[in-house]
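Q: Below is the sequence, then the predicted model.
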Amino acid sequence: MFFDTLVTGATGFIGSEIAQTLEDAGQKVIRSSRSDTRHIAAEFMQLDLSSTNFDSGKLKGIKTIIHCAAAVHNSEVDESRIFSVNYKGTEALVDAAIKAGVQHFIFLSSVAVYGLSHNENYVTDNCEINPQSPYAKSKLKAEEMILHKCCLGSMKYTILRLPLVFGREAPGNFGRIVNLSLSGIPLPFGDAHNKRTIVFSKNLADFIAQRCLAGFHDNQVLLFSDGIVLSTAEIIEGIRKSAFKPLRNISVSVNILRFLLVSLGARKIANQLLSDLVFKPSIEIYSSGWKPKYNAKKALELLTKSD
């Protein structure tokens, strides 16, 4: 059986969006996940990245692998598992892909590899690499491994360093903000006019479908952005306007909000909600002719729609 593309982590938020976009574009896609969820797709491959014993024969006939699966750091995932999945598991998958004759390996990495303070005006792909968290270190180590192994073999690579990706089913703090915004309850972020680069999941999926699979970005490491830069206040107000709900976004001093969040041990959340962090995409993102389908206003509108 021949397939155009294998998408790992295809039951996750980003992986499922990419797989669906490819299928809608006429690609023959096989989805993979750690658990056996064959019922979600006609073509499915169970793939556990915590195991490094991959059968390369399963990858025969696949042209491209889009590697979305990853372990993120939370209370349920320790550092050893992060490296086991994000680095060793990726290495085993790359080795099996090269042996099977896969032509192109697309790896979803993270802007966390820059290890940036939140005082930068904006970040480019020429900024210093300085990962701080176990997650960021595991992603950078996987990047370096992919470059090394692909340069020695015939498989091409594309590495996309991604800021926060958002969408209707986004997990984590962004998903909580969406749900709180849709609830209509009063929120204290009326003065949160920080600017942060975020990426709409449908734009990311479209870019991969239209540009990466066409071979425009073979053997490149790209800092990705679809041009959406929003403040926390703009996100909340945009969602509520689209959902025809009262704004109820109260103006509270950002300094007070930051103090309260840090006092509660939520420094990371304080930075995400209140600090600036803007990324300037690699020039190759747009020089190949790609344009994002959705601007910020339309993306926020779609967050209020259920499929």
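A: That came in fine, so what should we check first?
Q: Quick check: closest non-adjacent residue to residue 10.
A: With sequence-adjacent residues excluded and distances taken as Cβ to Cβ, 6 or more residues apart in numbering, residue 10 is closest to residue 31, at 3.4 Å. C-beta coordinates here come from the backbone N, C-alpha and C atoms, glycine included.
Q: for residue 216, same thing?
A: residue 288 (4.3 Å).
Q: now residue 170
A: Once flanking residues are discounted, residue 170 sits nearest to residue 13: 5.9 Å by Cβ to Cβ, 6+ apart.
Q: Quick one: residues contacting that neighbour.
A: Going by Cβ atoms under 8 Å, 6 or more residues apart in numbering, residue 13 touches 165, 167, 169, 170, 171, 201.
Q: Can you give me the neighbour number for the second one?
A: Just to be clear, that refers to residue 167. The tally of other residues near residue 167 (other Cβ atoms under 10 Å) stands at 23.
Q: With residue 18 as the reference, measure out to it.
A: 11 Å (Cβ to Cβ, to the nearest Å).
Q: Over to the third one?
A: Look at residue 169 and residue 18: by Cβ to Cβ, they are 13 Å apart.
Q: Wait, a strand at the residue nearest to residue 10?
A: Yes. Residue 31: assigned to a strand according to DSSP: H, G, I helix; E, B strand; the rest coil.
Q: which residues touch it?
A: Residues counted as contacts of residue 31 (Cβ under 8 Å, 6+ apart) are 6, 7, 10, 11, 15, 19, 40, 41, 43, 44, 45.
Q: Just the buried positions in the host helix or strand of the fifth one, please.
A: So that's residue 15. Assigned by DSSP states H and E, residue 15 belongs to helix 13-24. Within helix 13-24, the residues that count as buried by 16 or more other Cβ atoms under 10 Å are 13, 14, 15, 16, 17, 18, 19, 20, 21, 22, 23.
Q: Out of these, which is nearest to residue 257?
A: Nearest to residue 257 out of the buried residues of helix 13-24 is residue 13 (Cβ to Cβ; 27.0 Å).
Q: Many thanks, we can stop here.
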